[in-house]
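Engineer: missing the sequence, but the structure's below:
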């Protein structure tokens, strides 16, 4: 990020995060959203890019809100989550987006061919008006870490806390900047307890090795059920999410 424009950039990001948004239903927050968030986070964990997870969940949330009068059936949740992750991966310039999409669908015991996923991708983008400008909490967290000149392990621990908030309904309506500040503030308090700092550093080293070794590789087969490891696919009509 250009240092001389940081103030203007973050003023704009704060404007984006304060745009009016409709409330999500209790059924979605309590039942459907946690399942989708857990699956998306699990499939993405080996790629080391939590910003993709946050953007994918924002896409899902806005699609559900926009379709509140005609929500997608529960048996299509895997497709919706996979498509949202595919869109987020493309936006973040990641190459394995289609594999991620099928991995999410596989966790919901579904499998779709590429044509079905592409059709769903276009439909979801049209419903959210092709708006992918939601900032997410990570830019705010990175700035807090930079301003306070914190160690890498503090940034890593803060990101771990952010990941924990994805599936929780208690954090669904908190502004991204506030969520980043809360997770950062919680880390110094926790590091005073015996063993917490050591465990965080250990996980930090493991994640760095995993990220470097998995870079550019396809999604591990353990993230897919046996049927989804095969080449078969189940097609759906173009209006499957309508």
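Structural biologist: Yep, it's here. Everything numeric here is computed off the predicted structure, so don't read it as measured data.
Engineer: what bits of this structure have low per-residue confidence?
Structural biologist: Scanning the chain for pLDDT under 70 picks out 1-2, 22, 45-49, 69, 93-110, 188-242.
Engineer: domain ranges for it?
Structural biologist: Following automatic domain parsing, the chain resolves into domains at 19-134+220-229, 138-214.
Engineer: Same question for whichever strand or helix holds residue 118: list its buried residues.
Structural biologist: Using DSSP states H and E, residue 118 falls within helix 114-127. Within helix 114-127, the residues that count as buried by 16 or more other C-beta atoms under 10 Å are 116-117, 119-121, 123-125, 127. In this view, the C-beta of every residue, glycine as well, is placed from N, C-alpha and C.
Engineer: what's that helix packed up against?
Structural biologist: Helices and strands touching helix 114-127, by 3 or more C-beta pairs under 8 Å, 6 or more residues apart in numbering; DSSP states H and E, are helix 50-66, helix 77-91, helix 97-107.
Engineer: still on that earlier bit, just the buried residues of helix 114-127 now: which is nearest residue 11?
Structural biologist: residue 125 (27.4 Å; C-beta to C-beta).
Engineer: Can you tell me how far the closest one is from residue 84?
Structural biologist: 10 Å (C-beta to C-beta, to the nearest Å).
Engineer: and what of residue 176?
Structural biologist: With C-beta to C-beta as the criterion, residue 176 and residue 84 are 17 Å apart.
Engineer: residue contacts, residue 126?
Structural biologist: Applying C-beta atoms under 8 Å, 6 or more residues apart in numbering to residue 126 gives no contacts.
Engineer: Report the separation between it and residue 4.
Structural biologist: Distance check for residue 126 against residue 4: by C-beta to C-beta, it reads 37 Å.
Engineer: Check residue 169 too.
Structural biologist: According to C-beta to C-beta, residue 169 and residue 4 sit 40 Å apart.
Engineer: got it, and residue 11?
Structural biologist: 14 Å.
Engineer: Who has more neighbours out of these two?
Structural biologist: residue 11 (9 against 6; other C-beta atoms under 10 Å).
Engineer: Now do the buried residues in the helix or strand containing the more buried one.
Structural biologist: Under the criterion of DSSP H and E, residue 11 resides in helix 6-17. Residues 10, 13, 17 are the ones in helix 6-17 that count as buried (16+ other C-beta under 10 Å).
Engineer: Quick check: which helices or strands does it pack against?
Structural biologist: Contact partners of helix 6-17 among helices and strands, from 3+ C-beta pairs under 8 Å, 6+ apart: helix 138-148, helix 176-190.
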